[in-house]
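> Have a look; sequence and predicted model below, questions after that.
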There are 2 protein chains.
Amino acid sequence: MDELRDIEGLLRAGDGFVLAAVDPASTPGFRGGKKRGVAALAAGAVELAELQEKLYASGLSGDGRRVLLVLQAMDTAGKGGIVGHVVGSVNPYGVHIVAFKAPTAEEREHDFLWRIRRQLPTAGMLGVFDRSHYEDVLVQRVRQLSSPDVIEERYDLIVDFERELVAAGTTVIKVMLHISPEEQRARLEARLDDPSKHWKFNPGDLDDRALWPDFMTAYQLAIQRTATAAAPWYVVPADRKWYARVAVQQLLIEALRGFGQAWPAADYDVARQRARLAAE
Amino acid sequence: MDELRDIEGLLRAGDGFVLAAVDPASTPGFRGGKKRGVAALAAGAVELAELQEKLYASGLSGDGRRVLLVLQAMDTAGKGGIVGHVVGSVNPYGVHIVAFKAPTAEEREHDFLWRIRRQLPTAGMLGVFDRSHYEDVLVQRVRQLSSPDVIEERYDLIVDFERELVAAGTTVIKVMLHISPEEQRARLEARLDDPSKHWKFNPGDLDDRALWPDFMTAYQLAIQRTATAAAPWYVVPADRKWYARVAVQQLLIEALRGFGQAWPAADYDVARQRARLAAE
């Protein structure tokens, strides 16, 4: 795609990353507006589908690699749209989507990574977490559901946990969809104005909204403490839905291209099977 | 859709159903060829996506209804295409797809419905079984992996099991994708001719193919013994992929239309929330 330039490098949170310096309305690495963005998304869907099928086929043939896409964001930022429009364009068999809600009573009896470990993608799969173990250092911090010491310890536990995942063959792609409070206001108003969207609105969304600066601080800290070379964070400007979708799609495409997977060779004698079929 | 006429009634296996009388190349209830079929599928995708979203939203609001689509077929008949092109057009959050393989050691320690019960769709969900408990009266019968008495008993157990599902709010739609051996031959040859499809071929497919008449007998018996008013079987001619997709899509659409679900009403005061947002 001519429009795309180094999305991976531009969006990766590196040393000295400052969330407040990221403009949620910007479109880093993309030349053009919505119309070209929508076209780029459609073209990318074809490539992503083929790459994902190679990943899946390779997984069946003994290649242990897999991908985990972690999505974190304020409400209305577009996690659902990423799942529907980016992940939704690949073969559903190869995708494992998990939406993590507030922990259940059973989940609370275990350490915070317990429920995460149970949902990790297996070989050849694309796992997608809509919210994740990061809730345990984001909302838990903002609402003071855990002590500062516990939160501190969790950053380190997360880094260790993700290092372990990477060592076992998982490519971890962590994405924060970054919207502005003004854009969130517009999206919440749109939900309140449309009866077909009332079920997507929750008064609790406004409670979180009132704590916006605290959430941004929690994101800044979480990204700072857990962005590693092995499991990087990408902060994706998300005021423009089309851009966020193109960008996340591109992160997946670049990761899978890097695998360099070919179609698995037959583990049977093709000529012999063709002869069997012909001889019926 | 003008092209579509009573797919549900035409494909439902009723009293005196005879599988051998169904032409796999026919297109019951559809007027037109592939071009109109592809257009109908695209139009249906929009309606199905909205109906499924209403199902999902209603599930979150206390409506216990859900759908289970059971797909059974000989190899290459197009189960994967149904999942990709029909189910794949709705929001992935609302879909639970399970591909049942040969039972594992743990699964074999339990009764044949144990692994099935663990994967049933919850309220608001569309569950899709790619193979199912019917394998236990199909391949198990053909390959004599269970005694005739056990198979006989399973038909009754299945009828009871599905009656229980329906009573608990599940709409059960059982589909046999019906291809001809000639069409299967062409599809198997195509897989052998294309290195990017070698991973989809398994020499065991040819072993099953050699037992075609036995499989058809097993399907005939299974359908005869387990097609009930509560949990009907639909035999979908599948030599034309576009038709099979349109037909299964239509079965889902008709079932969901029958639910007559509206968008759930807000369980909060919309005006009050709008005022909160405006007062910031």
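On my side now, so go ahead.
> all helices for chain A, in order.
Along chain A, the stretches classed as helices by DSSP state H are A:7-11, A:34-60, A:79-85, A:105-108, A:114-117, A:139-142, A:148-167, A:181-193, A:203-210, A:212-226, A:241-259, A:270-278.
> With A:N91 as the reference, name the closest of these.
Minimum separation from A:N91 across the helices of chain A (C-beta to C-beta) falls at helix A:34-60, 6.1 Å. Heads up, the C-betas are built off the backbone N, CA and C, glycines and all.
> and the closest one, which residues are buried?
With burial defined by 16 or more other C-beta atoms under 10 Å in any protein chain shown, the residues of helix A:34-60 counted as buried are A:36-37, A:40-41, A:44-45, A:47-48, A:51-59.
> Any figure for the gap between the closest residue to A:L71 other than its chain neighbours and A:F129?
Leaving aside its chain neighbours, A:L71 sits nearest to A:K79 (4.6 Å; criterion: C-beta to C-beta, 6 or more residues apart in numbering or on different chains). A:K79 sits 10 Å away from A:F129, going by C-beta to C-beta, to the nearest Å.
> shared neighbours of those two, anything?
Common contact partners of A:K79 and A:F129 (C-beta atoms under 8 Å, 6 or more residues apart in numbering or on different chains): A:L71.
> Any idea how many residues pack against A:E135?
Neighbour count of A:E135, defined by other C-beta atoms under 10 Å in any protein chain shown: 18.
> Hmm, A:F100 and it touching each other?
Yes. Counting by C-beta atoms under 8 Å, A:E135 touches A:F100, with 6.6 Å between them.
> what does the stretch 151-280 of chain A have sitting close to chain B?
Within reach of chain B by C-beta under 8 Å from any C-beta of the partner chain, the stretch 151-280 of chain A has these residues: A:185, A:188-189, A:192, A:195-196, A:198-203, A:206, A:210, A:263-266, A:268, A:270, A:273-274, A:276-277, A:280.
> residues touching the residue nearest to A:E254 when sequence neighbours are not counted, list them.
Spatial nearest neighbour of A:E254, chain neighbours left out: A:E8 (5.1 Å); criterion: C-beta to C-beta, 6+ apart. Neighbour list for A:E8: A:Y234, A:Q250, A:L251, A:E254 [criterion: C-beta under 8 Å, 6+ apart].
> Local confidence estimate at the third one?
Meaning A:L251. Predicted confidence (pLDDT) for A:L251: 98.
> State the distance from it to A:S58.
Relative to A:S58, and taking C-beta to C-beta, A:L251 is found at 20 Å.
> got the contact list for the residue nearest to A:L71?
Counting by C-beta under 8 Å, 6+ apart, A:K79 touches A:L71, A:A73, A:D130, A:R131, A:L177.
> Which of those are buried, as a PyMOL select command?
Provided next is the PyMOL selection string for whichever of the contacts of A:K79 are buried by 16+ other C-beta under 10 Å:
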select buried, chain A and resi 71+73+130+131+177
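> Farthest pair within the contacts of A:K79?
In the contacts of A:K79, two members sit farther apart than any others by C-beta to C-beta. They are A:R131 and A:L177, at 11.6 Å.
> Overlap of the contact sets of those two?
Common neighbours of A:R131 and A:L177, using C-beta under 8 Å, 6+ apart, are A:L71, A:Q72, A:K79.
> ok, so of those, who is nearest chain B?
Using C-beta to the nearest C-beta, A:K79 comes nearest to chain B of these, at 10.0 Å.
> I'd like to know how far A:V90 sits from A:F215.
31 Å.
> Stretch A:107-120 near chain B at all?
No. If you take C-beta under 8 Å from any C-beta as the test, stretch A:107-120 misses chain B, and the best it gets is 13.7 Å.
> ok, back up a step: can I get the shared contacts of A:R131 and A:L177 in JSON lines with pLDDT?
Shown next, in JSON lines, are those (pLDDT from 0 to 100):
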{"residue": "A:L71", "pLDDT": "98"}
{"residue": "A:Q72", "pLDDT": "98"}
{"residue": "A:K79", "pLDDT": "97"}
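> coming back round to it: who has more neighbours, A:V90 and A:F215?
A:V90 (23 against 17).
> what's the closest non-adjacent residue to the more buried one?
Nearest residue to A:V90 in three dimensions, chain neighbours excluded: A:Q52, at 4.1 Å (C-beta to C-beta, 6+ apart).
> quick one: contacts for the one you found?
By C-beta under 8 Å, 6+ apart, the contact set of A:Q52 is A:V90, A:N91, A:G94, A:V95, A:L126, A:L256.
> Tell me if I'm right that the second one and A:E53 touch.
Translated: A:N91. Yes. A:N91 is in contact with A:E53 according to C-beta under 8 Å; the separation is 6.1 Å.
> Among the residues of the stretch 151-280 of chain A next to chain B, name the buried ones.
So, by 16+ other C-beta under 10 Å, the buried ones in those are A:185, A:188, A:192, A:198-201, A:263-264, A:266, A:273, A:276-277.
> Tell me which two in those are the farthest apart.
Between any two of those, the greatest separation by C-beta to C-beta is 65.6 Å, found for A:R185 and A:R276.
> Could you single out the nearest of the shared contacts of A:R131 and A:L177 to B:R163?
Checking these against B:R163 with C-beta to C-beta, the nearest one is A:K79 at 38.8 Å.
> confidence score at A:R65?
Reported pLDDT for A:R65: 98.
> Name all residues that make contact with the closest residue to it other than its chain neighbours.
Leaving out its chain neighbours, the residue that sits closest to A:R65 by C-beta to C-beta, 6+ apart is A:G169, at 4.9 Å. Each residue near A:G169 by C-beta under 8 Å, 6+ apart is listed here: A:G64, A:R65, A:R66, A:A123.
> Setting the sequence-adjacent residues aside, check what's closest to the last one.
Distance criterion C-beta to C-beta, 6+ apart; nearest residue to A:A123, sequence neighbours excluded, is A:G59 at 4.2 Å.
> what's the distance between the one you found and chain B?
Distance of A:G59 to chain B, given as C-beta to the nearest C-beta, to the nearest Å: 10 Å.
> residues in the stretch 1-150 of chain A within reach of chain B, list them.
With C-beta under 8 Å from any C-beta as the criterion, the stretch 1-150 of chain A comes near chain B at residues A:57, A:60-61, A:80, A:83-84, A:87-88, A:91-93, A:95, A:97, A:99, A:130.
> Show me which pair in these is furthest apart.
A:S61 and A:G80, at 33.0 Å, using C-beta to C-beta across the residues of the stretch 1-150 of chain A next to chain B.
> Which residue is the nearest non-sequential neighbour of A:Y56?
Distances taken as C-beta to C-beta, 6+ apart place A:G94 nearest to A:Y56, at 3.9 Å, with adjacent residues excluded.
> Isn't the one you found up against A:V128?
No. Judged on C-beta under 8 Å, A:G94 makes no contact with A:V128 at a distance of 11.1 Å.
> quick one: which of these two has more around it?
More crowded of A:G94 and A:V128, by other C-beta under 10 Å: A:V128, with 25 against 19.
> how about A:F161, what does it touch?
When contacts are counted by C-beta under 8 Å, 6+ apart, A:F161 touches A:L113, A:I116, A:H133.
> contacting residues around the closest residue to the last one other than its chain neighbours?
Setting aside the residues directly before and after it, A:H133 is nearest to A:I116 in space (C-beta to C-beta, 6+ apart), at 4.8 Å. Going by C-beta under 8 Å, 6+ apart, A:I116 touches A:F100, A:F129, A:S132, A:H133, A:F161.
> who wins for most neighbours among those?
Busiest of the contacts of A:I116 [other C-beta under 10 Å] is A:F129, holding 25 neighbours.
> list the contacts for the residue lying closest to that one once chain neighbours are set aside?
The spatial neighbour of A:F129 that comes closest, neighbours along the chain excluded (C-beta to C-beta, 6+ apart), is A:V70 at 4.8 Å. By C-beta under 8 Å, 6+ apart, the contact set of A:V70 is A:F129, A:S132, A:Y134, A:V172, A:I173, A:K174, A:V175.
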